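Trainee: this is the structure alone, sequence omitted:
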DNA sequence: CAGATATTACGGTAACTGACGAACTATTCG
DNA sequence: CGAATAGTTCGTCAGTTACCGTAATATCTG
């Protein structure tokens, strides 16, 4: 089996398993649909059903969807992403080796055409703290994680693996208190090209020192909400859509 | 989360995912029930339903079981095994790191109280080919794999990992042609305590040489069918049942 | 081959899924 | 604000699931 198909299958099994074992399958379905940046309408279209059906599942009106439904759901979200250049599947592929619990992942994507650190920071209203000289470096994607959750479930080697998995990408840490804990895990050679902290009141001096010493750009975002951050990241993803695949008049 | 719970969860997700994505969920359910050495009657009892219900699922009368059903099914087979000493879950735990496709696994279990190589060979009517001096070594479990299938899907490092995962255990290879291909993969330090080949007409001279050189006992089984082999292995598993858990008069 | 054990096949029924569509509510943006 | 966009709610209904129980088969084991 080709590698791509294998990754696809592993991811599919993972999602399907999570849905089936959940006490509220609908919530998990929603989580994954959102992780794949797919709207109900587009998913519905792809499944050949009315959008209200998706909403009924996600809201829990249907409490125990059958395997056929789950299978169609999982295969469709993955296929839709693949048709879109595999931005999410490919990003996940890097995570697969790491065994990261998906509940710490708030958002993940590759950029179809890389964007620079400067462009990303402009997009999310981020202020660079250290590493100004690297603003023109290209980012291939980003990963946004829930730091407080991650600190609970990840060991320091877990963080290290996360850093390795985000090589050449931006690691966006939200729900950060001081920034110290994640940054101290920074040891290996392979690391993200950019750290963005969100939700810090008082940034830790050691975090800044470490970022300087380890030569990794560090920025903070002072956006109000995580939702706003997410929306701005979406806008960056969309900047260069894969036009060949778009014949239906929609501009996703 | 304790390690045991994590293994349990990973296995549960895997099974649930496989069921949900299958075109015939019932067949997959049967596969796993059998892998866990649980009878329909006992599973039904544990689920609080009539045995015909299980049969209906497995035979495919119900084509798209709901998540509730899948969840209950998966959790019950795992719990039943755990109540029984975790013979299968623990055996699987060693496989988890290896990422072995489950379709090559025909049977897997730990022995609650180890048995010797001699006892196992007596039980399955096996004839030792080389390694007579090691007949009194203890085996902690066994793994039975479909060799022809394994040769298709496993690389030689895949085999090596399989060998590592069966340290102190018996590796029973069925559908073997000459025994050469699996044995040549034998290189590392960590390896099964016993190879049993089933279905060989003419055992390969190189296989014997390798087993001798690598000091690993090699035996062949001349039993008619794989089914017979499976049944005899069952008998060995049952030899020392975990009596405290048995208050219902059944002798599983 | 008998007798026990395990599994299947199937008719029946209440509850629920899978789907529609129309009306409704948020949210964003010029 | 008003339109556009995204998602929700809900009545409705045909088809299916989830379950039972019983009778009919397999499958072992002595």
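Mentor: Everything's here; your move. If you're wondering where the values come from, they're calculated on a predicted model, not measured in any experiment.
Trainee: residue A:150: which element?
Mentor: Residue A:150 belongs to helix A:147-153 when assigned by DSSP states H and E.
Trainee: okay, helices next: where are they in the stretch 151-252 of chain A?
Mentor: A:156-165, A:180-184, A:205-213, A:226-238 (DSSP state H, counting those that start in this stretch).
Trainee: and the shortest one, which residues are buried?
Mentor: Going back to what we said before, that points to helix A:180-184. A:180-183 (16 or more other C-beta atoms under 10 Å in any protein chain shown). For glycine as for every other residue, the C-beta is placed from the backbone atoms N, C-alpha and C.
Trainee: chain neighbours aside, what residue packs nearest to residue A:73?
Mentor: Spatially, and ignoring its direct neighbours in sequence, residue A:73 is nearest to residue A:29 (6.1 Å; C-beta to C-beta, 6 or more residues apart in numbering or on different chains).
Trainee: can you list contacts of the helix or strand the one you found falls within?
Mentor: Secondary structure from DSSP H and E places residue A:29 in helix A:25-35. Identification of contacts with helix A:25-35 by C-beta atoms under 8 Å, 6 or more residues apart in numbering or on different chains yields A:15, A:18-19, A:22, A:40, A:43, A:54, A:57-60, A:62-65, A:70, A:73-74, A:77, A:88, A:102, A:105, A:107-108, B:67.
Trainee: would you mind listing what in chain A touches DNA strand D?
Mentor: A:39-41, A:51-52, A:54-56, A:58-59, A:61, A:64, A:66 (C-beta under 7 Å from any atom of the strand).
Trainee: put the buried members of those residues into a PyMOL selection.
Mentor: To isolate the buried ones among the residues of chain A next to DNA strand D in PyMOL, judged by 16+ other C-beta under 10 Å, type:
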select buried, chain A and resi 40+54+58+66
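Trainee: any chance of the residues of chain A next to DNA strand D in JSON lines, plus secondary structure?
Mentor: Shown next, in JSON lines, are the residues of chain A next to DNA strand D (DSSP: H, G, I helix; E, B strand; the rest coil):
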{"residue": "A:39", "secondary structure": "coil"}
{"residue": "A:40", "secondary structure": "helix"}
{"residue": "A:41", "secondary structure": "helix"}
{"residue": "A:51", "secondary structure": "helix"}
{"residue": "A:52", "secondary structure": "helix"}
{"residue": "A:54", "secondary structure": "helix"}
{"residue": "A:55", "secondary structure": "helix"}
{"residue": "A:56", "secondary structure": "helix"}
{"residue": "A:58", "secondary structure": "helix"}
{"residue": "A:59", "secondary structure": "helix"}
{"residue": "A:61", "secondary structure": "coil"}
{"residue": "A:64", "secondary structure": "coil"}
{"residue": "A:66", "secondary structure": "strand"}
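Trainee: ok, and of the residues of chain A next to DNA strand D, which contact chain B?
Mentor: A:64, A:66 (C-beta under 8 Å from any C-beta of the partner chain).
Trainee: count the neighbours of the spatially closest residue to residue A:116 that is not a sequence neighbour for me.
Mentor: Nearest residue to residue A:116 in three dimensions, chain neighbours excluded: residue A:136, at 5.4 Å (C-beta to C-beta, 6+ apart). Neighbour count of residue A:136, defined by other C-beta atoms under 10 Å in any protein chain shown: 9.
Trainee: shouldn't residue A:136 be within a helix?
Mentor: No. Going by three-state DSSP, the assignment for residue A:136 is coil, not a helix.
Trainee: residue A:67: what's it in contact with?
Mentor: Residue A:67 neighbours (C-beta under 8 Å, 6+ apart): A:20, B:19-22, B:25, B:64-66, B:70.
Trainee: buried only: go through the residues you listed for me.
Mentor: A:20, B:19-22, B:25, B:65-66, B:70.
Trainee: helices - which of these land there?
Mentor: A:20, B:19-21, B:25, B:70 (DSSP state H).
Trainee: need the max-distance pair from those.
Mentor: Farthest-apart pair in these is B:21 and B:70; separation 11.2 Å (C-beta to C-beta).
Trainee: from the buried ones among the contacts of residue A:67, which are also near DNA strand C?
Mentor: Okay, of the buried ones among the contacts of residue A:67 touching DNA strand C (C-beta under 7 Å from any atom of the strand), that's residue B:66.
Trainee: in the stretch 1-150 of chain A, what spans have low per-residue confidence?
Mentor: A:1 (pLDDT under 70).
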